[in-house]
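Visitor: got a structure for you, letters missing:
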């Protein structure tokens with residue numbers, strides 16, 4: 001990143017602009033309270049419980065209605081920086097910055113540096129993306145971890161290194177464990193592997209066992 005001045009500048013501007021008046025726009029809404037609640041409980045009481053929904057199948061002590069990864073990130077922010085709307089939304093801003101970074105890396109790997117930079121700039125100036133990166137919801141986590149998984153599976157297929165298969169499986173599962181929509185990322189990776197590693201004409205699979213096991217190990221971890 002530091003050797004590439006363009007993407008470094010884009011990320012710096014992203015953090016400055018997307019963090020400005022973070023506690024004022026957009027206005028706080030219902031979902032942000034619901035998703036902050038179990039993270040706050042974990043940071044302050046040591047258990048992941050939705051105390052706002054007292055008496056509903058013991059959800060006060062065990063939050064089971066959402067996957068845990070995004071909630072764990074929120075709890076980490078609350079533990080380190082205190083509880084507040086800015087601390088909660090900064091998690092989404094940071095995930096958004098990684099989304100911009102890996103959009104650039106993916107575009108560069110698939111095409112060239114110019115395409116990567118153009119893609120990251122177009123994403124940064126997208127009004128909907130601006131809104132998603134400034135609210136306490138899991139959507140940006142799904143986008144971030146899915147892009148990282150796609151990037152690593154691309155490198156894995158090109159270089160046949162098992163570590164990249166592991167990282168792809170790990171990132172894709174983080175996406176699923178942030179929100180059920182993350183299943184899209186896992187299906188996408190499996191389809192990409194199928195198109196690249198299965199010769200349907202000759203009914204031959206070129207995916208090595210250690211590559212498949214590394215992908216599975218990443219998901220298990």
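Guide: Thanks, I have it. Treat the numbers as computed from the prediction; the structure is a model and nothing was measured.
Visitor: would you work out how far apart the start and end of stretch 175-187 are?
Guide: This stretch, stretch 175-187, spans 12 Å end to end (CA to CA, to the nearest Å).
Visitor: the helix ranked longest in the chain - contacts with which helices or strands?
Guide: Identified as the longest helix of the chain according to DSSP state H is helix 85-110. With contacts taken as 3 or more CB pairs under 8 Å, 6 or more residues apart in numbering; DSSP states H and E, helix 85-110 sits against helix 5-19, helix 30-45, helix 69-81, helix 113-124, helix 127-132, helix 139-159. Just so you know, the C-beta spots here come from the backbone N, C-alpha and C atoms, and that holds for glycine as well.
Visitor: any idea how far residue 114 lies from residue 108?
Guide: As for residue 114, its distance to residue 108 is 9 Å (criterion: CB to CB, to the nearest Å).
Visitor: more neighbours: those two, which one.
Guide: residue 108 (19 against 11; other CB atoms under 10 Å).
Visitor: sorry, back to before: next, the buried residues of the longest helix of the chain.
Guide: 87-109 (16 or more other CB atoms under 10 Å).
Visitor: and what of stretch 213-221?
Guide: For stretch 213-221, using 16+ other CB under 10 Å, the buried residues are 214-215, 218-219.
Visitor: out of those residues, who's nearest residue 207?
Guide: residue 215 (8.9 Å; CB to CB).
Visitor: might you report the residue contacts of that closest one?
Guide: 165-166, 168-169, 193 (CB atoms under 8 Å, 6 or more residues apart in numbering).
Visitor: would you confirm that it belongs to a strand?
Guide: No. Under the criterion used here (DSSP: H, G, I helix; E, B strand; the rest coil), residue 215 is helix, not part of a strand.
Visitor: and it, how far from residue 204?
Guide: On the measure of CB to CB, residue 215 and residue 204 end up 19 Å apart.
Visitor: same question for residue 41.
Guide: 52 Å.
Visitor: okay, the two: which has more neighbours?
Guide: Taking other CB under 10 Å, residue 41 and residue 204 do not tie; residue 41 has more neighbours (22 against 9).
Visitor: chain neighbours aside, what residue packs nearest to the more buried one?
Guide: residue 49 (4.8 Å; CB to CB, 6 or more residues apart in numbering).
Visitor: surely the one you found is within a strand?
Guide: No. Using three-state DSSP, the secondary structure at residue 49 is coil, not a strand.
Visitor: now do the contacts for it.
Guide: 38, 41-42, 59-63.
Visitor: same deal with residue 35?
Guide: Per CB under 8 Å, 6+ apart, neighbours of residue 35: 66, 70-71, 74, 136-138.
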